[in-house]
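Student: I need the structure of the sequence given here:
(4 chains)
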Amino acid sequence: MIKKMCVIFAVFLAIATPVFAGGSGESAASSDGTSAVKENELYSMVVFTKGAEYFNWCYAGMRDAAAILGDHVQTELQGPAEWDASLEARTLEQVIVKQPKGILVASADETTLNSSIGKALSQNIAVIGFDSDAPESGRLSYVGTNNYDFGAAAAQFMVEQIGGSGEVAVVIVPGNIAQEERAAGFKDWISENAPDVKVVSELNDEGDVAKSETVCAALFQANPNIKGIFSTHGYGAPGAAAAARTLGILDKIVIVGSDYSSAVIELLLSGDIEGSVVDDPYLIGFESMMLAYQAAHPTSVPSANPPFGHVPPIIYGGCSVITGETLSDPAVLAKYQNPPAV
Amino acid sequence: MKLSRFKLKIGNRELTLIITIALIYVFMCFAKGELFYARSNIEAIFSNLSYDLLLACGMTFVIILGGVDLSVGAVLALSGIIATLMAQSGIPTGVAVLAALAFGLAIGCFNGLLIAKVHVAPFVATLGSMSICRGMCYVLTSGYFVANLPEAYLNIARGSFLFIPNKILISVLIMVALAILSVNFRPLKSMYYVGANGRAAFLSGISSDLVKIIGYGISGLMAGIAAVLMTGSLGMGHASYGLSFEMKAISAAVIGGANMAGGEGSFLGTALGVILVALVNNVFIMFNGSPNWSGAISGIMLIVAVAIDVIRNKIRERRTA
Amino acid sequence: MKIKNKTVAAFIGRVNLNYATLFLIMIIIVAVMSSRAPYFLSAANFAVMVNTFIMEAIMALGMTLVILSGGIDLTVTGILPFSSILLALLMGSGMPFMPAAVLVVLGCSLIGFVTNFLRKTLSLHPMVVTMAIAAILKGVNLTITGGSAMSGFPDSFKAMATMTVLGMPLSWVVYIVLAAFFIIMTKFNRNFIKVYFVGGNPEAAKLSGIKTERVYMMVYMISAALAAIAGILTAITYSSASYSYGTNADMRVITTVAIGGTSLTHGGKGSIVGTMLGTLFMAVIYDAFIMSGLSTYYQDVMTGVFLIAAVLLSEFFRYLKEKVQ
Amino acid sequence: MSVLELKNITKSFGANKVLTDVNMQFEKGEIHSIIGENGAGKSTLMKIIGGIYRADSGEVILDGKPIVMHSPIEAYAHGIGIVHQELSIVGNMTVAQNVFVNCEPVYKAGFINWKKMNSDAKAALAEVGADIDPTEIAGNLSVGMQQIVEIAKVIAKKVRILILDEPTSALSDKEADRLFEILDDLKKKGVSIIFISHKLNEIIRISDKVSVLRDGVRTGTLTRDEMDEATIIRMMVGRDLGRLYPPRASSRDGQVILSSKGLSRKNKFNNIDFSLKKGEILGVFGLVGAGRTEVALSVFGADGLDEGTVYLNGEEISFRSPSDAVAHGVCYLSEDRKISGLFVDMEVRENVVSACLRSVCSRAGFLNQGMISQITDDYIKELDVHPSDCSRFRIRNLSGGNQQKILFAKWLAAKPSVLIVDEPTRGVDVGAKSMIHSILRRLAESGMAVMMISSELPEILGVSDRVMVMSEGRKTAEFEAEGLTEETVMNAVFSMDGGLK
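Tutor: A predicted model of the protein is given here:
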């Protein structure tokens, strides 16, 4: 028994050692290569669900911006795997200890990170909010999308697709502000502009594709007249498509998703889903990085937030609907099909 | 008399479940009419519970052995990613599928090894492999979907045989096979002995360690099978698949009468437990229930089902006394 | 030679190998980290490191008692946010902090009471009941908050976030007081020592005249109350309340307790001190992850590896110990 | 006036009436034994006195006043303490903690006074003549020592009425003698002692009175002058038990099936040689902790061996696991049926075939349910298990004696050629005991080799053909059983050098 245990343990060590050594090696190597020109500057991105494709795009934008700014600008991506605002706040505090020049933060909710962001600012670390804002935190700037408009865009596209009348439903994960706003924008636009369209149901798929399939299948059964479904997040549309495929009603249902991923692109190309509302996470990340750098390196231009450099308080990127048609352009398709490595 | 009461108890929980399911079914038929009892709805319910059914099957074995397997959800995700990555890169479908199954089996056996040979608490061992597998999912994919899968791979889950979708067919067949085998097939029957009294089983010449490893192995294998079906049906693999599936599987097995202390558990009961939860989920959506509560359904059903059973027993005792 | 062996045996016999294992791994990590990350050994990092795991640390005290009694408690993941939300509701309606906090702790202990009641009357395994209760609490939390964070606290409350006692943040003081309380109680108090008896051999405990059900009730209520305290402290720290707090905290807390050497297979084995050491261990590795610049994706993998490695190593040392003796 | 009086006590579990109108009186300073077959209701009666159960009707009268108790704590408050049959020692706590469980000496604020607790524990243990370190972890003690701690635990509560339920089943004779001295001492101090045992010689030796229970009814109470074995047995079973032990082997020249040379395991046993002949019963006697069970487990493949070889039918063999041993026809009937013998929550039929699953299934591995029922029914009939339709009952619902019979059935169904039985009659009543003895003899006559490990000397002498004596992990002597006296065996136990080469 003990022999076996030793073997198991050896395997463990074998896995663990290179991972740990390799991981820390990366940062060591880069800090070694600094010396010459400029002092190293660290910029950290803190998100609330690491591993979400959306944030990967943001981080890719940030990295590319950093590369443009110079070799001395280094970046890292941090954040808890779980959706827990308090965990994100703790991660943020740990990042502060490393004394980065700037922090890009997507807040899990509107208030929890306020004190941590304040702490960073008080230590002269520039904090830029992106994607999900914490408006009262004192963050220097926010780069993101107006999620209310995002929902309205989806509504407009949906109404066009279903021909101006019929029943539709919305998929959300309760508790996510961005999604709640998208859903509100969607519903408000419909009630104001399309009196013949009715939102009959709101579904919770827990942000899980398989669960989405289950709830959508039940929804389609319960509402045989349903004509369209809008998912406020990236996992809902593939699930809805799978449910419609199982029931053989792919042609009858208009599915509108949010954000893009290889899965959504594939479904758009095959025509299983009609459209997806997208903003540009890459650009959001890029822009935020630029703003953070700007804030960390004040110029002679008078600033509203001394000692930081001058930055605008808010930048909204737009959003658009992509469809199978949009993607027929190979150049556009290539962009979406090659997600950045993180 | 005290003894004959035990005889009545056979199938007691199953009976409770069957009655509850029948009542809900009848109620829904009246309340929603054709919408509910349409073949397509029933088919949708079943095809969506097929993953739960498989995982709950594996979990039932583990619970019969007196343990618990928290890693199934993460193993499902990782097996799915392994299979889809392989299929995506042009490796033949058969190989990709076998790799997923083999991986599930291997992780299961690894859990079993830790538990049987090194005597690590099942909760701790499987919690460890859960984090490792879930982490590996993200390491392998960086959180991206694995899409653009070949037709052959997708057809495993999407095809149908004799008008029954493969997903339902495969999971129900495996369920039935395990249910029958667990009563009569010696290697599986041994699990009950090991779960009821490990020391006595060992001294009776049953290789308890091997049986445990097999039990956890089956649980992992089931996660592997579910992974192939899920990734095929959804057309993509992703690191977030199977989140908290372990809790659903445990609930279903316990609703079905499995005893966490080991030695007790029925596959029919587990299947009924899965069906009950799926049915209530369906009812919930049919009536546009608040999305806030959909996560709590299996927990509530667990308490309700067990409470009904306890109350039924109390009433019966009073009657016989 | 023989004498030397004997002294070695005596020495090894007295060392708690579980603790020794943890210290060994921790020393390695600290050594590696401090050479690689310049800020790792700074006072600021120490403060952050403690802050990072303080809520789990508080809950781990209660979880230790539950696990010692032979049970497990997954409700903490629901109670922590529930208590923060309840506090926000009460204080939002104008109640001062102290009575509101007391009410929250009492209310949450009541949840512990209900959990234990269901466990007993339905004769269900604690893991299953607490899992169900946690899911239900999540529904409650979402319904009350509608998913958004609540932040209508008065300014006096917000000031508590930066309040220090003897130079330490409030949460540290609470933890130190609670930890000291439980260390003393589990060593000297009759009611707490009963937990060990009940976990070690419930039948024997019953025959010795211990009211076992009362002990179970006590540990689940304590665990719920501590989760409530953690929730209140979280609310104080962030001046907010949200359903998202404490997600997966149950698993982190149980991992902590397990690493601290409290046995999940046999009740009655383990100690608060062990759990505190486990807490320190977890805090160090969580901090090391962030400080190392290690790809975030490896964190889950490494947590799992460390959990299993810690258990394996202490098992391995136990074997060595037997061999030497 | 009696200290304690039971008046018309009746108790049933469900429809099962365990006690019917039992009346008894216990006097101050007297040892009053209670004896009866398994299932006669002794333990239930004691649990009623001890506050664990409540009687359905009838009264418990203490000092002339009827009392109602709801828990063991209340019983202690009335000065009634029980030493339970199942050890209620918690293994991971110290001896002192076990002695003072639930009544720890405390300071005013409710904090435990460890110093006082340890010294009081020391004193309490000294009172029962044991020199045990009170800070030792109880689980590290031998079973016999734990039993002593258990007794100290109850006596430390200064009880007026002390109930002992089979206290000597895990004790060596020496330890038992010591216990009887303690009881005598307590008796002189005015404590009323209620003593339950299966061992007639013990009861006759120490009791002032004996009450006999049969099927939940008191069949009589004997005073000291009226006691003799035959009378008691008649009152217990309602008939005379002809011969106490079966005849010895008819032929003694069977070939050697299982033998060993120089078996050793560190800290457990050293250099053990034995041989088992076909048709013969080898009795293995020794005190608790002599290493008998350990030898059996090692031979059986459950534990490892450090040195030595085992021979089966003359060929060297080493069983890697019990399943290996069982496949070769070597079976071990374990000493504790609930912990390592039976599956108490499974059905009787499942238990009966648990050691021979391979033989009741088809080549593909499918169990033959018809065959299982057949085998079970055969053994139920052959071993006279009650009730006769118990095939689908859970083991838990059978009485101790019947459980033991099922344990035998389980191993007989495995068709062994060598059967090692470990304490086959522990906790079994006189009737079932003699039945088990005759089964063992019948098995031997049918060509099996039987090794019987037992701590009961009369049983060893009465049943075996040869006797091997072990002491402190060594084999000290081997005798022919015919004409062997208890004295010779005990001498072999205590004169270690005599038996060694």
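
Student: quick one: what helix or strand has residue 61 in it?
Tutor: Unless you meant another one, I'm taking chain A. For A:Gly61, the element it lies in under DSSP states H and E is helix A:53-69.

Student: Oops, wrong one, chain D.
Tutor: Following DSSP H and E, one finds D:Ile61 within strand D:57-62.

Student: sorry, back to before: in the helix holding A:Gly61, which residues are buried?
Tutor: A:53-66, A:69 (16 or more other CB atoms under 10 Å in any protein chain shown). C-beta: built from backbone N, CA, C; applies to glycine.

Student: got the domain boundaries for chain A?
Tutor: Segmentation of chain A into domains, based on automatic domain parsing, reads A:38-139+A:281-316, A:147-279+A:322-337.

Student: now those in JSON lines, with mean pLDDT and distance to D:Leu62?
Tutor: Shown next, in JSON lines, are the domains of chain A (pLDDT from 0 to 100; distance: least, CB to CB, whole Å):
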{"stretch": "domain A:38-139+A:281-316", "mean pLDDT": "88", "distance to D:Leu62": "60"}
{"stretch": "domain A:147-279+A:322-337", "mean pLDDT": "87", "distance to D:Leu62": "63"}
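
Student: before we move on, back to that, identify the residues contacting the helix holding A:Gly61?
Tutor: Outside helix A:53-69, the residues that touch it by CB atoms under 8 Å, 6 or more residues apart in numbering or on different chains are A:43, A:45, A:47, A:49, A:73-75, A:77, A:79, A:104, A:106, A:130-131, A:234, A:259, A:261, A:281-290, A:293, A:339-340, A:342, B:142-145.

Student: Helices - which of these land there?
Tutor: Among the contacts of helix A:53-69, DSSP state H puts A:Pro281, A:Tyr282, A:Leu283, A:Ile284, A:Gly285, A:Phe286, A:Glu287, A:Ser288, A:Met289, A:Met290, A:Tyr293 in helices.

Student: which one of these sits closest to B:Ser240?
Tutor: Taking CB to CB as the measure, B:Ser240 lies nearest A:Pro281 of the ones in helices among the contacts of helix A:53-69, at 17.7 Å.

Student: residues contacting the closest one?
Tutor: A:Pro281 is in contact with A:Tyr54, A:Phe55, A:Trp57, A:Cys58, A:Gly61, A:Asp131, A:Asp259, counting by CB under 8 Å, 6+ apart.

Student: re earlier: in its sheet, which strands sit next to the strand holding D:Ile61, and in what direction?
Tutor: If you go by DSSP bridges, strand D:57-62 pairs up with strand D:4-13 (antiparallel), strand D:65-67 (antiparallel).

Student: Please name whichever of the ones you listed is nearest to D:Leu305.
Tutor: D:Leu305 sits nearest to strand D:4-13 of all the strands paired with strand D:57-62, at 45.8 Å, using CB to CB.

Student: CA atoms of the closest one as PDB?
Tutor: Taking Å, rounded to 0.1, in the frame of the first residue of the first chain, the C-alpha atoms of strand D:4-13 are listed here in PDB:
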ATOM      1  CA  LEU D   4     -35.000  -1.600  44.300                       C
ATOM      2  CA  GLU D   5     -38.100  -3.400  43.300                       C
ATOM      3  CA  LEU D   6     -39.500  -4.200  39.900                       C
ATOM      4  CA  LYS D   7     -43.300  -4.600  39.800                       C
ATOM      5  CA  ASN D   8     -45.100  -6.200  36.900                       C
ATOM      6  CA  ILE D   9     -42.700  -4.900  34.300                       C
ATOM      7  CA  THR D  10     -44.000  -5.400  30.700                       C
ATOM      8  CA  LYS D  11     -42.200  -4.200  27.600                       C
ATOM      9  CA  SER D  12     -42.800  -4.900  23.900                       C
ATOM     10  CA  PHE D  13     -41.100  -3.700  20.800                       C
END
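
Student: Okay, buried residues for that strand please.
Tutor: Within strand D:4-13, the residues scored as buried using 16+ other CB under 10 Å are D:Leu4, D:Glu5, D:Leu6, D:Lys7, D:Ile9, D:Lys11, D:Ser12.

Student: quick one: contacts for D:Val418?
Tutor: D:Val418 neighbours (CB under 8 Å, 6+ apart): D:Ile257, D:Leu258, D:Leu276, D:Leu312, D:Gly329, D:Val330, D:Cys331, D:Met448, D:Ala449, D:Val450, D:Met451.

Student: Check those residues and tell me the two furthest apart.
Tutor: Using CB to CB for every pair in the contacts of D:Val418, the one that comes out farthest apart is D:Leu312 and D:Val450, at 15.4 Å.

Student: Please report the distance of the closest residue to C:Asn201 other than its chain neighbours from chain A.
Tutor: Closest residue to C:Asn201 apart from its sequence neighbours, by CB to CB, 6 or more residues apart in numbering or on different chains: D:Val90 at 4.5 Å. From D:Val90 over to chain A the distance is 27 Å, taken as CB to the nearest CB, to the nearest Å.

Student: D:Val90 against D:Asn102, yeah?
Tutor: No. Using CB atoms under 8 Å, D:Val90 makes no contact with D:Asn102, being 11.2 Å away.

Student: Take stretch D:422-435, keep the C-alpha atoms, and write them as PDB.
Tutor: Taking Å, rounded to 0.1, in the frame of the first residue of the first chain, the C-alpha atoms of stretch D:422-435 are listed here in PDB:
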ATOM      1  CA  ASP D 422     -12.700 -17.500  16.700                       C
ATOM      2  CA  GLU D 423     -14.700 -17.400  20.000                       C
ATOM      3  CA  PRO D 424     -17.600 -19.200  18.400                       C
ATOM      4  CA  THR D 425     -19.800 -19.000  21.400                       C
ATOM      5  CA  ARG D 426     -19.200 -15.600  22.800                       C
ATOM      6  CA  GLY D 427     -22.400 -14.000  24.000                       C
ATOM      7  CA  VAL D 428     -24.400 -17.000  23.100                       C
ATOM      8  CA  ASP D 429     -26.700 -18.800  25.500                       C
ATOM      9  CA  VAL D 430     -26.400 -22.300  26.800                       C
ATOM     10  CA  GLY D 431     -28.800 -23.900  24.300                       C
ATOM     11  CA  ALA D 432     -27.200 -22.300  21.300                       C
ATOM     12  CA  LYS D 433     -23.800 -23.000  22.700                       C
ATOM     13  CA  SER D 434     -24.200 -26.700  22.800                       C
ATOM     14  CA  MET D 435     -25.800 -26.700  19.400                       C
END
